[in-house]
Each structure stands twice: as structure tokens, then as C-alpha cells.
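S.K.: Below are the sequence and a predicted model; questions follow.
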Amino acid sequence: MSTLLISLPLAAGPDTAPSAAGSYSYALSPDGVAISQQGSTTAGLLPQPGRAGEVVAVVPAALLSWQRVSLPQGVGPGSPRLRAVLEGLLEERLLDDPAQLHFALQPDTRATGQGEPIWVACCPRQWLREHLQVLEAAGRAVARVVPSHAPGEPSPDGAQILVTGSPELAQAVVYGTGSADAVLVLPVSRESAALLPPLGPDSIVHAEPAVVSTAEHWLQRPVQLYSPAQTMRDAARSDWDLAQLEFANSGRNRLQRRLGSGLNDVLHAPAWRPARWAVLALVVLSLVGANIWAWQERQQLQAKAALVRSTLTQAFPNVQVVVDAPVQMAREVANLRQASGGLSPSDAEPLLAAAGQALSSLPTGTVPSTVEYSGGELRLRGLPTDRFDAFRQKLQAQGLQAQMQNDQWVIRAQAQP
């Protein structure tokens, strides 16, 4: 899925307007791994992530503070009292007025046991609102807001450091020390070096291109180059979403984005390529199998039709053209029977004989008032309608069928399959 990553610029304070920051650093990733574009520009000139793409805003670590709290019973994500409870819990810990800050709970809050401490991310509320409004007005509505770095499981290589900023205002972001430790942001200075956690030989130290030499001089060790685009890409992979409370997206919009994102991944992501080939192979095999089955069925039908035509022409050599073999065969058999003086089941004599036997199921002396024969059907009038079922059963036993049409009982030979 194509993702547009936007780093929200630092501000001097919560009330600083986005226009003061000038431009946004961005990175465009077609699959969440590779970076196809990166740079810095104004909101209106940011690239589009595509129809099924996603816009992710990244909050710099310097504008985030991290607090550990235990929520009271009955208060959790989605609770209408959540913000008021957080303001009360954090009022004594924060330097800023809680009303001016935005709060977001850690991703797995619902799975956390009651009373266990959880992480709460805090950032300037008005600053975040104005940047999101600017991006939305520019046609880059943000689907998710993530921190550039967040507390998490400790790194197997020990503490990790990222030096960012400019040579004059360089900052060090310290993370990966443990799930109970907050992300630490320090100014790069001789005094702050004493606040760093112990660094082992395997500890990872990254630095943005502008401050590589500054970081190496400060730490007295080599550092690895790490671009802002890589930092934004790593941030987007986290489970964090700071778009909570008043900034939460509607459930429908979020579901649509997730469905669109999932569909786009299935159709284009490299990880789904084997599955796409498997589905394509299955479709091809199904089509081939269906065509083979249809061909076999067609061959069987043609063979049966040829057998019927062959039987008709062999039994009746005078039939030169076969149009409807069963009808033509029945007609030829009737002609033979008529020529030989034989009777068919639909002739008048067999029908009258069968009707006479069936009349024995009626009361003694019951006879029809009118008897008509026409077109292979025998019609009887003047018989009691309440005795028709018994009469019909007698005829069915003789291979005939009877129907009641108005006041007539109609008898005919059963159609042969």
C-alpha cells in the first residue's frame, strides 16, 4: 500500500501557527519498505499517496512527553470520561495546562489488566489540530498520527540513540531501554552526555546527515547515517495511533481505509505475490477443468443422440431425415401397429375396456350418460364427482391416467418416456 509519511514540524510553543514552520518533511513509500520520494515542501505541494494510499503524520519526539498512569475501573478507550480522568491524573505531573494538551493511550490498553500502568502520550493540542487542518485543506487528510519514537520492548543491543536537528540545535532521542522507560530527548551538549544511559559496543547510534559529525564528536564514537525518511518509515510501522479522543477518525472512515489498504496490499504488495500467483493458478485450473468437463458432457450427449438416430434409421429404413427421433419412432411404431391390425393403448377399444373395469369401483348401476372418443382421449359424462379418486386409481393400475375437466372424466394413455 502506498503511504505518504509527513513529519509535523517543530514549533516554539503550543500556540505557534503551522505557517511559521514553513514546510513539511515527507517520504513516499509504495509498499511500506522502500522510499520512492523524499524531501520537504509546503502542504499543497506534497505528493499524493494514491487512491488507496494512506497519509500518516509523524509527531517529533521533542514535542511528546510520556506519562505512566493507572486508569480507574470503568474508564478506558472510548469512555466519555477518559479525558477528564486523564487531566485529573496528570495535572500535578505536567508543566503545561492539561487543557492545552492532547492525550493518547498506548495501543494495547484494552488488553491491559485493570489497575496496571499504561503509557499516555502528551503533545500540544492546538498545534496538532492546526497541522491536521492544514493538511486536510491541502487534500492530504491524515488517517493516522504516530510518534516518531515510543516506549517499547528493550532492544537486544541496548539503548539506541538518534541524533537529529541541525549542528546548532542538535538533539538526541534515546529509546529502546525498556518498556517501563520513556523516550528521552536531550540537547547535544557536554552537560547532557552524563544523562545518557550506558552504551555498550553493540549499542546502535544513528544520526541524520546534517549532524553526523556533531554526533561523532559528542559521543566520541562512529555513528550510522539515518535519514529522516527512514525514521518516518519506522514510526509508521508501530501500532501507535495518536488520533484519539477529539482527533479520532470515524469508525466508517477507518474501516474504509483499512479495507482499501488491505485490498491494495493483496493486489500489489510483494509479500502477497505468491498468494496472487496461487489464486491465478487456481482460476486457470478451474477454467480448464470446467471446459474439459463441458466438452466431455457434450461428447456424451452427442453420442447418445447419434445412438438414438442410428436406432431409428436401422429399425425404420424408410426414415431418411431425423428431426425428432422419439416422436418419429412413436409415429412409425403406430403406423406398423395400424398396418398389422394391432391396437395401441390410446385406441378406443383399450380405453373403453379399462374404463369398464374401473367403473366397478363405483356404486352398482352407475354408468356414464355420454361417451366420446377423440384424438386418443375417452371422455365420460354423468359420473359422480365424489368417486373420481377411486376411479383414477383403478386406471393408474392399468397404465392409464384420468383427469376431471369440468363435468367430464378424461381418460388417456400415459405418456411414454
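M.R.: Arrived safely.
S.K.: Please enumerate the strands of the stretch 101-250 of the chain.
M.R.: 101-105, 118-124, 144-147, 160-164, 171-175, 184-187, 205-207, 224-225 (DSSP state E, counting those that start in this stretch).
S.K.: ok, and the helix or strand in this structure with the lowest average confidence?
M.R.: Across the helices and strands of the chain, the lowest-confidence element by mean pLDDT, DSSP states H and E is helix 251-268, at a mean of 62.
S.K.: what about the strands of the stretch 101-250 of the chain, which gets the closest to Arg68?
M.R.: Of all the strands of the stretch 101-250 of the chain, the one in closest proximity to Arg68, counting by Cβ to Cβ, is strand 118-124 (6.2 Å). Yep, even glycine has a C-beta here, placed from its N, CA and C like the rest.
S.K.: so what does the closest one touch, helix or strand wise?
M.R.: Applying 3 or more Cβ pairs under 8 Å, 6 or more residues apart in numbering; DSSP states H and E, we find strand 118-124 packed against strand 65-69, helix 82-90, strand 101-105.
S.K.: now do 7 Å
M.R.: The contact analysis (3 or more Cβ pairs under 7 Å, 6 or more residues apart in numbering; DSSP states H and E) places strand 118-124 against strand 65-69, strand 101-105.
S.K.: quick one: contacts of the first one?
M.R.: If I follow you right, that is strand 65-69. For strand 65-69, the external contacting residues (Cβ atoms under 7 Å, 6 or more residues apart in numbering) are 89-90, 93, 117-122, 151, 182-183.
S.K.: By neighbours, which of those wins?
M.R.: Ala121 (25 neighbours; other Cβ atoms under 10 Å).
S.K.: on that earlier part again, want to throw the strands of the stretch 101-250 of the chain into a markdown table with distance to Val279?
M.R.: Listed next are these as a markdown table, based on distance: least, Cβ to Cβ, whole Å:
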| stretch | distance to Val279 |
| --- | --- |
| strand 101-105 | 38 |
| strand 118-124 | 40 |
| strand 144-147 | 29 |
| strand 160-164 | 40 |
| strand 171-175 | 40 |
| strand 184-187 | 47 |
| strand 205-207 | 40 |
| strand 224-225 | 41 |
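S.K.: do you know which of the ones you listed lies nearest Gln405?
M.R.: Shortest distance between Gln405 and the strands of the stretch 101-250 of the chain, using Cβ to Cβ, is found for strand 144-147: 76.2 Å.
S.K.: distance between the closest one and the chain's centre?
M.R.: Averaging C-alpha positions (Cα atoms, centre = their mean, to the nearest Å) puts strand 144-147 24 Å from its chain's average.
S.K.: what about Glu92, distance to Val183?
M.R.: Look at Glu92 and Val183: by Cβ to Cβ, to the nearest Å, they are 21 Å apart.
S.K.: Likewise for Leu46?
M.R.: Leu46 is 26 Å from Val183, by Cβ to Cβ.
S.K.: which element follows the least confident helix or strand of the chain toward the C-terminus?
M.R.: Downstream of helix 251-268, the first helix or strand assigned by DSSP states H and E is helix 273-315.
S.K.: buried set for the helix or strand where Gly39 lies?
M.R.: In this assignment (DSSP H and E), Gly39 forms part of strand 37-41. Buried positions in strand 37-41, judged by neighbour count with 16 or more other Cβ atoms under 10 Å: Gln38.
S.K.: same for it, what does it pack against?
M.R.: strand 24-29.
S.K.: In its sheet, which strands sit next to the strand it packs on, and in what direction?
M.R.: Strands that pair with strand 24-29, judged by DSSP bridges, come out as strand 3-7 (antiparallel), strand 37-41 (antiparallel).
S.K.: mind putting these in TSV, distance to Glu297 included?
M.R.: Below are the strands paired with strand 24-29 laid out as TSV (distance: least, Cβ to Cβ, whole Å):
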stretch	distance to Glu297
strand 3-7	50
strand 37-41	56
